[in-house]
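>>> Quick one: sequence plus predicted model below, questions after.
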Amino acid sequence: MKKQILLLTAFFLGLTFSSFAQKVSDIQIRVKGDKILVGYTISGLKYYQDISQIDFYVSRDGGQTFEGPLKEISGDTGPGLRNGKYVMVWDVLKEMPFTDEELVFDVRLSVTEKPRKKAFMISLAGNITTPLGLRVGQLGKIGWYAEFRASLSPFTTADYTYENQTIPDYNQPGYYEFNGNTASAAWSAVG
């Protein structure tokens, strides 16, 4: 049982860490004339992360060793790329003698994090029970907020007083109808 719990914990931790990583996937190779086009997809880049460098490596021995970074490249190869699909063009004959070999490509990213700016926020908040509310907070790497809400029922007054199942100060002609609507004081604080 302990082994199963340990395996499940390791699985979920691995899933958590892998969901936050930047990755290059869907590498597709095409030959066009004397150039090789390498299509690739970048994913997992957060809004506060920038690609500072992209390096392309090639292997001629099935991925055992890689040569590079490649120099004779053009296309989508510089910093400033975001999540999406891109194409790099490699002028292979300018860089290395080429024979009919099977090539394996490796795309490596260098990622830097921008400082995250803090921002103050204020907004109105409410619902049916407590329609009057205010929410204040700070957004950033670590954010917080506080919210205060109240109902308006304690501030409303009736035109009569109700004591001992009678209305002693109601002196109007006719009957007074009770509609059964009640209001209660309510407030809340959230943080």
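Now that the structure is in, tell me what you want to look at.

>>> hey, where'd the strands end up in this protein?
23-32, 35-43, 49-59, 73-75, 84-90, 104-113, 119-124, 132-139, 144-150, 187-190 (DSSP state E).

>>> JSON lines for these, including mean neighbour count and mean pLDDT?
C-beta: built from backbone N, CA, C; applies to glycine. Formatted as JSON lines, the strands of the chain follow (neighbours: other C-beta atoms under 10 Å; pLDDT from 0 to 100):
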{"stretch": "strand 23-32", "mean neighbour count": "12", "mean pLDDT": "88"}
{"stretch": "strand 35-43", "mean neighbour count": "18", "mean pLDDT": "92"}
{"stretch": "strand 49-59", "mean neighbour count": "16", "mean pLDDT": "90"}
{"stretch": "strand 73-75", "mean neighbour count": "16", "mean pLDDT": "91"}
{"stretch": "strand 84-90", "mean neighbour count": "16", "mean pLDDT": "93"}
{"stretch": "strand 104-113", "mean neighbour count": "15", "mean pLDDT": "90"}
{"stretch": "strand 119-124", "mean neighbour count": "10", "mean pLDDT": "91"}
{"stretch": "strand 132-139", "mean neighbour count": "15", "mean pLDDT": "90"}
{"stretch": "strand 144-150", "mean neighbour count": "15", "mean pLDDT": "88"}
{"stretch": "strand 187-190", "mean neighbour count": "12", "mean pLDDT": "68"}
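
>>> Report the separation between the residue positioned nearest the centre of the chain and Gln138.
A centroid search over the chain (C-alpha atoms, centre = their mean) returns Lys46, at 7.3 Å, as the residue closest to the centre. For Lys46, the distance to Gln138 equals 19 Å [C-beta to C-beta, to the nearest Å].

>>> just Gln64 next, same as before
Using C-beta to C-beta, one gets 51 Å for the distance from Gln64 to Gln138.

>>> Also Pro115?
15 Å.

>>> send the alpha carbons of stretch 46-54 over as PDB?
Extracted C-alpha coordinates of stretch 46-54, given in PDB (Å, rounded to 0.1, in the frame of the first residue of the first chain):
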ATOM      1  CA  LYS A  46       4.300  32.100 -19.400                       C
ATOM      2  CA  TYR A  47       3.500  35.800 -19.800                       C
ATOM      3  CA  TYR A  48       6.400  36.900 -17.700                       C
ATOM      4  CA  GLN A  49       9.000  34.700 -19.500                       C
ATOM      5  CA  ASP A  50      11.000  35.700 -22.600                       C
ATOM      6  CA  ILE A  51      13.100  33.500 -24.900                       C
ATOM      7  CA  SER A  52      16.600  35.000 -24.800                       C
ATOM      8  CA  GLN A  53      18.200  32.500 -27.100                       C
ATOM      9  CA  ILE A  54      17.400  29.700 -29.400                       C
END
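
>>> Other residues contacting it?
With C-beta atoms under 8 Å, 6 or more residues apart in numbering as the test, stretch 46-54 has contacts from 22, 42, 45, 77-81, 107-116.

>>> rerun at 10 Å
By C-beta atoms under 10 Å, 6 or more residues apart in numbering, the residues outside stretch 46-54 that reach it are 20, 22, 24, 40, 42, 45, 69, 73, 76-83, 86, 88, 107-117, 141.
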